[in-house]
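Enquirer: Okay, here's the prediction I keep looking at, along with the sequence it came from:
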Amino acid sequence: MDFPFHAIIRSEEETILTAQNFAKKIEIGDIILLNGDLGSGKTFFVKYICKEFGVENVLSPSFAIVNEYHNKISFVHFDFYRIKKMEELYDIGFQEYLSGESIVFIEWSNMFPDILPKRNYQIDLKFVNNMSREISIVKHA
């Protein structure tokens, strides 16, 4: 997989394969920003990236705001959807999660772009139709 990456994904199997290929490119300290409408596949994509590292218990952090997963490496999984003010992120120690000791996923990252590190992967998922998604992945160094 080269960046920028762009594809039309027509099935869950293609989504899983794309997530598996992306997982081969990431490492501890990476920040992965995911944006797309509700139901576009953000959490599904994260789930199959984490599976490549032996993590099976990935759930949407919509209500918890942040989930942590641990195996040989650690993952932090944020969902900004329910956050109303940037101060809420400071209250839960958002900056400490960016210490470089984990791979960090942030769904709905476009809601608070000012708080995000400039070095990241940005993944955008868009509906093409009921079964197809357009995915783009850009690496910002």
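Expert: Ah, there it is.

Enquirer: What residues of the helix or strand of the chain with the lowest mean pLDDT count as buried?
Expert: When the helices and strands of the chain are scored by mean pLDDT, DSSP states H and E, helix 86-91 comes last with a mean of 90. If you call a residue buried by 16 or more other CB atoms under 10 Å, then helix 86-91 has these buried ones: residue 89. Bear in mind the C-beta positions are built from the backbone N, C-alpha and C, glycine included.

Enquirer: Run through who's touching that helix.
Expert: Contacts of helix 86-91 with the rest of the structure, by CB atoms under 8 Å, 6 or more residues apart in numbering, involve 65, 80, 83, 112, 114-115.

Enquirer: Quick one: list the elements packing against the next helix or strand after that helix.
Expert: Past helix 86-91, heading to the C-terminal end, the next element that is a helix or strand (DSSP states H and E) is helix 94-97. When contacts are defined as 3 or more CB pairs under 8 Å, 6 or more residues apart in numbering; DSSP states H and E, helix 94-97 packs onto strand 74-79.

Enquirer: which residues are in contact with the strand it packs on?
Expert: 28, 46, 50, 53, 55, 58, 60-62, 65-69, 94, 97, 101-108.

Enquirer: Let's see that with 7 Å instead.
Expert: Counting by CB atoms under 7 Å, 6 or more residues apart in numbering, the neighbours of strand 74-79 from elsewhere in the structure are 46, 50, 55, 58, 60-62, 65-69, 97, 101-108.
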